[in-house]
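S.K.: Sequence plus predicted model, see below.
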Amino acid sequence: MITPEYCRTMARYNAWQNEGLKRALMSLPREELERDRGAFFGSIWKTANHLLWADLIWMSRFDGGEAPAGGIGGSVALARNAADWEALRFRTDGRIRVWADGLKSLDLVGDLTWMSGAAGREVSRPVALCVAHMFNHQAHHRGQLHAMLTAAGVKMPDTDLFLMPAGR
(Lines give C-alpha, C1' and ligand atoms only; values in the text may rest on other atoms or scores of the structure.)
Protein backbone atom coordinates (compact mmCIF):
# COMPACT_ATOMS: atom_id res chain seq x y z
CA MET A 1 0.00 0.00 0.00
CA ILE A 2 2.64 2.53 1.08
CA THR A 3 6.41 2.44 1.53
CA PRO A 4 8.86 4.00 3.96
CA GLU A 5 9.91 6.38 1.17
CA TYR A 6 6.31 7.55 0.77
CA CYS A 7 6.20 8.23 4.52
CA ARG A 8 9.47 10.17 4.40
CA THR A 9 8.21 12.25 1.47
CA MET A 10 4.92 12.99 3.20
CA ALA A 11 6.69 13.86 6.47
CA ARG A 12 8.86 16.38 4.58
CA TYR A 13 5.77 17.73 2.80
CA ASN A 14 3.94 18.07 6.11
CA ALA A 15 6.79 20.09 7.64
CA TRP A 16 7.08 22.30 4.53
CA GLN A 17 3.36 23.00 4.49
CA ASN A 18 3.26 23.75 8.20
CA GLU A 19 6.02 26.35 7.80
CA GLY A 20 3.81 28.23 5.33
CA LEU A 21 0.79 27.73 7.56
CA LYS A 22 2.69 29.14 10.53
CA ARG A 23 3.55 32.31 8.62
CA ALA A 24 -0.08 32.70 7.56
CA LEU A 25 -1.40 32.17 11.09
CA MET A 26 1.07 34.66 12.54
CA SER A 27 -0.05 37.29 10.04
CA LEU A 28 -3.56 37.53 11.50
CA PRO A 29 -4.70 39.04 14.79
CA ARG A 30 -6.11 36.62 17.39
CA GLU A 31 -9.70 37.79 16.83
CA GLU A 32 -9.46 36.85 13.13
CA LEU A 33 -8.01 33.45 14.00
CA GLU A 34 -10.86 32.80 16.45
CA ARG A 35 -13.71 34.01 14.22
CA ASP A 36 -16.21 31.24 13.42
CA ARG A 37 -15.90 30.62 9.69
CA GLY A 38 -18.35 27.75 9.37
CA ALA A 39 -15.72 25.01 9.09
CA PHE A 40 -16.10 21.70 10.92
CA PHE A 41 -14.17 23.00 13.93
CA GLY A 42 -15.39 26.57 13.40
CA SER A 43 -12.34 28.79 13.37
CA ILE A 44 -8.86 28.86 11.91
CA TRP A 45 -7.42 28.60 15.41
CA LYS A 46 -9.52 25.60 16.46
CA THR A 47 -8.79 23.78 13.20
CA ALA A 48 -5.04 24.38 13.53
CA ASN A 49 -5.13 23.08 17.10
CA HIS A 50 -7.17 20.00 16.12
CA LEU A 51 -4.74 19.17 13.31
CA LEU A 52 -1.78 19.40 15.69
CA TRP A 53 -3.58 17.31 18.31
CA ALA A 54 -4.42 14.63 15.74
CA ASP A 55 -0.80 14.44 14.57
CA LEU A 56 0.25 13.93 18.18
CA ILE A 57 -2.35 11.23 18.87
CA TRP A 58 -1.41 9.31 15.71
CA MET A 59 2.30 9.62 16.45
CA SER A 60 1.74 8.26 19.97
CA ARG A 61 0.22 5.19 18.35
CA PHE A 62 3.04 4.84 15.82
CA ASP A 63 6.11 5.62 17.93
CA GLY A 64 4.82 4.81 21.43
CA GLY A 65 5.66 8.32 22.61
CA GLU A 66 3.60 10.77 24.58
CA ALA A 67 -0.03 11.35 23.57
CA PRO A 68 -1.85 14.65 24.01
CA ALA A 69 -4.39 14.93 26.80
CA GLY A 70 -8.10 14.85 26.12
CA GLY A 71 -10.15 13.77 23.17
CA ILE A 72 -11.35 15.26 19.91
CA GLY A 73 -13.63 17.73 21.69
CA GLY A 74 -10.72 19.21 23.61
CA SER A 75 -8.35 19.07 20.66
CA VAL A 76 -9.37 22.57 19.57
CA ALA A 77 -7.80 24.06 22.73
CA LEU A 78 -4.46 22.22 22.62
CA ALA A 79 -2.26 25.33 22.43
CA ARG A 80 -3.19 28.41 24.43
CA ASN A 81 -1.46 30.92 22.21
CA ALA A 82 0.45 31.31 18.95
CA ALA A 83 3.88 30.90 20.56
CA ASP A 84 2.86 27.63 22.23
CA TRP A 85 1.28 26.38 18.99
CA GLU A 86 4.35 27.30 16.94
CA ALA A 87 6.76 25.52 19.31
CA LEU A 88 4.63 22.39 19.59
CA ARG A 89 4.01 22.30 15.82
CA PHE A 90 7.78 22.52 15.18
CA ARG A 91 8.54 19.71 17.65
CA THR A 92 5.73 17.54 16.28
CA ASP A 93 6.87 17.96 12.69
CA GLY A 94 10.35 16.93 13.79
CA ARG A 95 8.92 13.92 15.60
CA ILE A 96 7.08 12.85 12.45
CA ARG A 97 10.22 13.22 10.34
CA VAL A 98 12.41 11.27 12.78
CA TRP A 99 9.81 8.49 12.91
CA ALA A 100 9.49 8.38 9.11
CA ASP A 101 13.26 8.46 8.59
CA GLY A 102 13.61 5.36 10.76
CA LEU A 103 10.86 3.31 9.11
CA LYS A 104 11.54 -0.06 7.55
CA SER A 105 9.09 -1.82 5.22
CA LEU A 106 8.27 -4.33 7.95
CA ASP A 107 7.11 -1.47 10.22
CA LEU A 108 4.21 -0.88 7.83
CA VAL A 109 2.97 -4.48 7.96
CA GLY A 110 0.38 -5.88 10.35
CA ASP A 111 -2.36 -4.31 12.39
CA LEU A 112 -2.41 -1.42 14.81
CA THR A 113 -4.83 -1.73 17.72
CA TRP A 114 -5.90 1.21 19.87
CA MET A 115 -8.78 2.55 21.92
CA SER A 116 -10.53 5.01 19.60
CA GLY A 117 -12.29 7.89 21.28
CA ALA A 118 -13.94 8.73 17.95
CA ALA A 119 -15.38 5.21 17.57
CA GLY A 120 -15.88 4.68 21.31
CA ARG A 121 -14.26 1.24 21.18
CA GLU A 122 -11.08 -0.66 20.51
CA VAL A 123 -10.16 -0.62 16.81
CA SER A 124 -7.67 -2.67 14.80
CA ARG A 125 -6.65 -1.61 11.31
CA PRO A 126 -3.62 -2.20 9.09
CA VAL A 127 -0.70 0.01 10.13
CA ALA A 128 -0.18 1.17 6.52
CA LEU A 129 -3.81 2.30 6.32
CA CYS A 130 -3.46 4.23 9.59
CA VAL A 131 -0.29 5.94 8.39
CA ALA A 132 -1.95 6.87 5.08
CA HIS A 133 -4.89 8.20 7.10
CA MET A 134 -2.64 10.45 9.18
CA PHE A 135 -1.13 12.04 6.09
CA ASN A 136 -4.57 12.32 4.43
CA HIS A 137 -6.02 13.89 7.60
CA GLN A 138 -3.24 16.49 7.55
CA ALA A 139 -3.99 17.42 3.93
CA HIS A 140 -7.73 17.55 4.61
CA HIS A 141 -7.51 20.00 7.49
CA ARG A 142 -4.72 22.05 5.91
CA GLY A 143 -7.05 22.42 2.92
CA GLN A 144 -9.72 23.79 5.25
CA LEU A 145 -7.17 26.13 6.80
CA HIS A 146 -5.98 27.25 3.36
CA ALA A 147 -9.56 28.11 2.35
CA MET A 148 -10.30 29.98 5.58
CA LEU A 149 -7.02 31.90 5.47
CA THR A 150 -7.52 32.80 1.81
CA ALA A 151 -11.03 34.04 2.61
CA ALA A 152 -9.51 36.12 5.42
CA GLY A 153 -7.29 37.85 2.85
CA VAL A 154 -4.03 36.00 3.51
CA LYS A 155 -1.86 35.21 0.47
CA MET A 156 -1.19 31.51 0.85
CA PRO A 157 1.95 29.75 -0.43
CA ASP A 158 2.01 26.86 -2.90
CA THR A 159 0.58 23.58 -1.65
CA ASP A 160 1.28 21.27 -4.59
CA LEU A 161 3.46 18.33 -3.60
CA PHE A 162 5.46 18.50 -6.83
CA LEU A 163 6.47 22.08 -5.98
CA MET A 164 8.10 21.09 -2.69
CA PRO A 165 11.68 22.36 -2.81
CA ALA A 166 14.35 19.72 -3.31
CA GLY A 167 16.19 18.78 -0.16
CA ARG A 168 13.24 19.42 2.13
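M.R.: It's in.
S.K.: I'd say residue 144 and residue 48 touch.
M.R.: No: at 9.7 Å, residue 144 does not count as touching residue 48 under the criterion of C-beta atoms under 8 Å. C-beta here means a position set from N, CA and C on the backbone, and glycine is covered the same way.
S.K.: the more surrounded of these two?
M.R.: residue 48 (29 against 18; other C-beta atoms under 10 Å).
S.K.: mind checking how far the more buried one is from residue 25?
M.R.: 6 Å (C-beta to C-beta, to the nearest Å).
S.K.: Pull out the buried residues from stretch 55-69.
M.R.: By neighbour count, and taking 16 or more other C-beta atoms under 10 Å as the criterion, the buried residues in stretch 55-69 are 55-59, 61-62, 68.
S.K.: out of those, who's nearest residue 93?
M.R.: The closest of the buried residues of stretch 55-69 to residue 93 turns out to be residue 55 (C-beta to C-beta; 8.1 Å).
S.K.: Go ahead and confirm residue 61 touches residue 133.
M.R.: No: in this structure, residue 61 is not within contact of residue 133 by C-beta under 8 Å, at 10.8 Å.
S.K.: Could you pick out the longest helix of the chain?
M.R.: If you go by DSSP state H, the chain has its longest helix at helix 127-151.
S.K.: which helices and strands does that one pack with?
M.R.: Packing contacts for helix 127-151, counted by 3 or more C-beta pairs under 8 Å, 6 or more residues apart in numbering; DSSP states H and E, involve helix 4-26, helix 44-63, strand 111-116.
S.K.: And the contacts of it?
M.R.: Contacts of helix 127-151 with the rest of the structure, by C-beta atoms under 8 Å, 6 or more residues apart in numbering, involve 1-2, 7, 10, 14, 17-18, 21, 24-25, 28, 37, 39-40, 43-44, 47-48, 50-51, 54-55, 58-59, 61-62, 107-112, 156, 159.
S.K.: Then stretch 112-122?
M.R.: Contacts of stretch 112-122 (C-beta under 8 Å, 6+ apart): 61-62, 71-72, 123-127, 130.
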